[in-house]
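Chemist: attaching a predicted model along with its sequence, questions to come.
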Amino acid sequence: MTTVRVLGGPGTGKSSLLFEAAATHIAGGLDPESVLLLTGSGRMAATARGALTARLLGETAADLPVLREPLVRSLHSYAFAVLRKAAERAGDPPPRLVTGAEQDGVIRELLDGDISDGAGAWPRELRPALSAAGFATQLRDLLARCAERGIDPAGLQRIGRTSGRPQWVAAGRFAAQYEQVMLLRASVGTAAPQATVPALGAAELVGAALETLAVDPELLAAERSRVRLLLVDDAQHLDPQAAELVRVLAAGADVAMFAGDPNQAVFGFRGADPELLRADADQTIRLTRSHRCAPAIARAIAGVAAGLPGAGWPTLDGHADDDDIGSVTVRVAESAHAETAMVADALRRAHLVDRLPWSQLAVIVRSASAAAALSRSLAVAGVPVQAPTTGGPVGAQPGARALLSVLEATVAGLDGERAQTLLTGPIGRVDPVSLRQLRRALRRHDAGLAEALTGSPPALPVTLAGPVNRVRAVLSAAARSHRRHRDPRHTLWQVWERSGLQRRWLRTAERGGVDGALAERNLGAVTALFDIAEDYVARTAGPSVRGLLDHIDALQLPPVADIGPAGAAVAVLSPHAALDRDWEMVVIAGLQDGLWPNTTPRGGVLGTQRLLDVLDGLGDEVSARAPLLAEERRLLIAAMGRARRRLLITAVDSDAGDAVSLPSPFIAELAAHAGRGRPEPPSPEPAPPVLSASAVVGRLRAAVCAPDGAVADDERACAAEQLARLAGAGVPGSDPSQWYGLADVSTDEPLWSGVDHIVDLSPSTLQTLSDCPLRWLAERHGGTGARALNSTLGSVLHALVADSGRAESQLVSELENLWAALPFDSPWYAANELERHRSMLAAFVAWHTASRHELTEIGTEVALDGVVAGAADGLPAVRVSGRIDRLERDAQGRLVVVDVKTAKSPVSKDDAQHHAQLGLYQLAVSAGLLNDGDRPGGGRLVYVGKPSATGATEREQTALGPDATADWQQAVQVAAAATAGPQFVARVNDGCSHCPLRPSCPAHAPEPS
Ligand code: SF4
């Protein structure tokens, strides 16, 4: 056997050399079925298959025989083929491949079982995390890495014991249980009759194929004698077991060629190791000329690669086209907004001025969440984007949810809540104001929302009847199919067809823009839903709609998004997703300190990365940082290597407010390579005006609406004329009828009316309502931002202090375990916040200890729900629902309400007396809503973020007496009456700086001069 190593940087023609080798051997008379090209992934295999077929068709098409064995396979596909052949030889049914989502479902079921049994097998500090979706994913990842390394459950337990890692011992026990369940499912299974052989996960395939070849020498000999020319592409992505399978096969081949680039080995977190490229070979070919990258880009890549330990190739020359040596530009923005504008402007100029098709532009960002955020901003700035789906499991995506809610109503019946979901979802499309009008109209017929959708059609005004009839039609179609016991796919199809969503979303998708992108995402989710339904029916005996809903519920992973070559859109993707693709222009955005390089240890609470280190023989004393840093550098090289002619690299340098963002250390290095040795990194730039229709419209509008004397008359007239032209061409925002503040008021009806209306309030919304009714209106009807990290941190702290029986050290250890799973953008911020939260836990424990002489705990997270004030004097009745952080009893037997606050600045003592949240809690106590008594003993705000001599700073509200109770009742009713509108006051208050309405708030609008 002759072994050849082919090493080279991005675009140096490694794959082409392999294709050439295949074509030459086949042209020289080698049977095509004796050639096998293996790749690291299915997607790469598809690309290679196309390229090799084109190469062969170019020369030997006439003589090419019909092939029974594919020339190109991913390594997993080859391993699967080996298992199938072995099964055929033994007369067994073919092996079954279990999907990642299905594995995830089984793992979650088993974890649920562990939780109900007390989770005694798991280390104490991990128990609170067992129910989290992220934990199941981390566990699946750990089991996959073990399968790839050939570590069985007993082996994992042994390693856990010898390394003092109880979480690996527990995971090993879990793995044994998982294996048994998979075997059981296979023999009697949920998916009978097909499931009569053990189902294998992708990570187990290679190990199983190796075992099969080891115990079946005839099969091994047959494979070895068949494959005479073995070619392996991207060998740096193979894990040790995959490399072993290649070696086993190569031992029988005449020639084995392994091509790859150790400098682009970026799957270390999945256990990949470029050892095959480092092993001795009979011949080594080093390719140093990139046929893809322009000289400027190749030079920058070589410069970054020089920083790697033991670099895999010393130089990289580029390929110039018509004297165009390409460009590498490094720019730093002074804010995140400025960076987005910079990227959007660069992309739009490349498309509009340089005439590059959108599909030849790409943006690479380090993380999937950053990709999602940047995609939205770019879409708003007029860049059509093609981004991966990041919205969680299929069942949670709005497009699929719309159809699933109909199926749920069909099998479980329609209640008020489901009816509201259907009416306000994509099928009904009823907005909150119309929903109130609909409820009021139905009340006149003594009907609720559910009756309107199922009983005889009520007489409604035409604007309200439309949505009701739409939903009724879809429900009837689903019910008809279900009654006739049709296949669940048929019922799903009926829902889809009657909903009319297909036409609607297709039309919107064609129009593009933000709505178009959303419509495309919805269509993608529905396609994934139908795929799942197809798969479920194919694998299940006696499929049903209920079974389909349960199956989808159990799938916790997002569907695999096919990010194949796009149409007219810019790809926004992670460096890993970009690996086998290239574009004329690539933007690498968000090169921030702490984010890229990200040297936070991987593997989460289970320490998967540490396990791989232990398996590689790295002891605790070896720094985990150095290999991570090298991998991040390789990832940057891989991302840079996707660009053919132009490369733009951006970062943010801002210390405004709390959100400090510093450029990555790579920025200065890249700037030096980009600017032929320029020593200084670039200075931060403000947001440039984006070359987009909306920016031009904005500038023209500013001129037209400028105050008298601010612009010359002819300038204003010219701007007005241009706006009229744009309006005539249908450019959004150019017609004054679309301008904010100029449209007619859509309705002046109150949100509710009638003496029998009960206003539902929670103590926190009462606070918002008292502070600013306009903010309450916006937030109550969906106008809140995404759940911020701060609010997650607040929930973590509240959850920890809810169990006050634990010592401070236990709380801190639990906090530290949870920390790794929180989505911090940078390690230094995570470390600061961890310290702050440790001191908050200490403050809480000190406060708790100091307050025991006067307070006795009754409960934590105590639920309350009930009416605190009846309708009177034209004011509405008020129902309160919520949870009290802590309920305590004082020495006089009265109930004291305690609310734990994580804010750093306490309210004043005077403000605490008028604190609406505490007032409403006390009112709830005196209204008898709690089982433990009805004598309020006051309320306390405990600011654990502001330590004091007693542990935490306390603010008190005195106990409500009869007069104060009556005053609070009236205050609450007056506030509740304000929820009717139709006018809502914008009241400036201390919370304005955190208000989502602030940019468009009338109370903060500049005074007209
Ligand atoms: S910015 Fe202030 S005044 Fe304006 S809506 Fe928000 S809370 Fe109310």
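Modeler: Thanks, I have the structure now.

Chemist: around the residue in the stretch 701-850 of the chain positioned nearest to the ligand, how many other residues sit close by?
Modeler: With CB to the nearest ligand atom, the shortest gap between the stretch 701-850 of the chain and the ligand falls at residue 772, namely 3.3 Å. C-beta here means a position set from N, CA and C on the backbone, and glycine is covered the same way. Neighbours of residue 772 under the rule other CB atoms under 10 Å: 23.

Chemist: grab the nearest non-local neighbour of it.
Modeler: residue 987 (4.5 Å; CB to CB, 6 or more residues apart in numbering).

Chemist: so what's the predicted local confidence for the one you found?
Modeler: Note for residue 987: predicted pLDDT of 91.

Chemist: check residue 1009 too.
Modeler: Taking residue 1009 on its own, its pLDDT is 51.

Chemist: got it, and residue 490?
Modeler: For residue 490, the pLDDT comes out at 92.

Chemist: one step back: the residue of the stretch 701-850 of the chain closest to the ligand and residue 995 touch, don't they?
Modeler: Yes - using CB atoms under 8 Å, residue 772 is in contact with residue 995, at 7.4 Å.

Chemist: C-terminal to the strand or helix carrying residue 626, what's the next element?
Modeler: For residue 626, the host element (DSSP states H and E) is helix 625-640. Using DSSP H and E, the helix or strand that follows helix 625-640 in sequence is strand 643-652.

Chemist: so that next one versus helix 625-640, what angle?
Modeler: Angle of strand 643-652 versus helix 625-640, following axes from the mean of the first three to the mean of the last three CA atoms, to 10 degrees, is 130 degrees.

Chemist: what pairs with strand 643-652, and is each one parallel or antiparallel?
Modeler: Its sheet considered, strand 643-652 pairs with strand 327-333 (parallel), strand 583-588 (parallel) by DSSP bridges.

Chemist: name the next helix or strand downstream of the last one, please.
Modeler: Read it as strand 583-588. Next along from strand 583-588, by DSSP H and E: helix 608-615.

Chemist: which strand or helix spans residue 572?
Modeler: strand 570-573.

Chemist: output the contacting helices and strands for that strand.
Modeler: Applying 3 or more CB pairs under 8 Å, 6 or more residues apart in numbering; DSSP states H and E, one finds that strand 570-573 contacts strand 361-364, helix 368-380, strand 385-386.

Chemist: what's the closest of these to residue 404?
Modeler: Proximity to residue 404 (CB to CB) singles out helix 368-380 among the helices and strands packed on strand 570-573, at 22.3 Å.

Chemist: report the mean confidence score over the closest one.
Modeler: Averaged over helix 368-380, pLDDT sits at 77.

Chemist: what's the burial count for the residue of the stretch 801-950 of the chain found nearest the ligand?
Modeler: In the stretch 801-950 of the chain, the residue found nearest to the ligand is residue 916; the distance is 14.4 Å by CB to the nearest ligand atom. A count of nearby residues for residue 916, using other CB under 10 Å, gives 21.

Chemist: try residue 342
Modeler: Using other CB under 10 Å, residue 342 has 23 other residues around it.

Chemist: tell me which residues touch it, please.
Modeler: 331, 333, 650, 685, 687, 688 (CB atoms under 8 Å, 6 or more residues apart in numbering).

Chemist: retrieve the pLDDT associated with the last one.
Modeler: The one in question is residue 688. 88.

Chemist: from the ligand, how far out is the closest residue to it other than its chain neighbours?
Modeler: Excluding the flanking residues, the one nearest residue 688 by CB to CB, 6+ apart is residue 345, at 5.1 Å. As for residue 345, its distance to the ligand is 30 Å (criterion: CB to the nearest ligand atom, to the nearest Å).

Chemist: tell me which element residue 345 falls in.
Modeler: Here residue 345 is covered by helix 336-352, with elements defined by DSSP H and E.

Chemist: residue 828 contacts residue 594, doesn't it?
Modeler: Yes - counting by CB under 8 Å, residue 828 does reach residue 594; the two are 6.4 Å apart.
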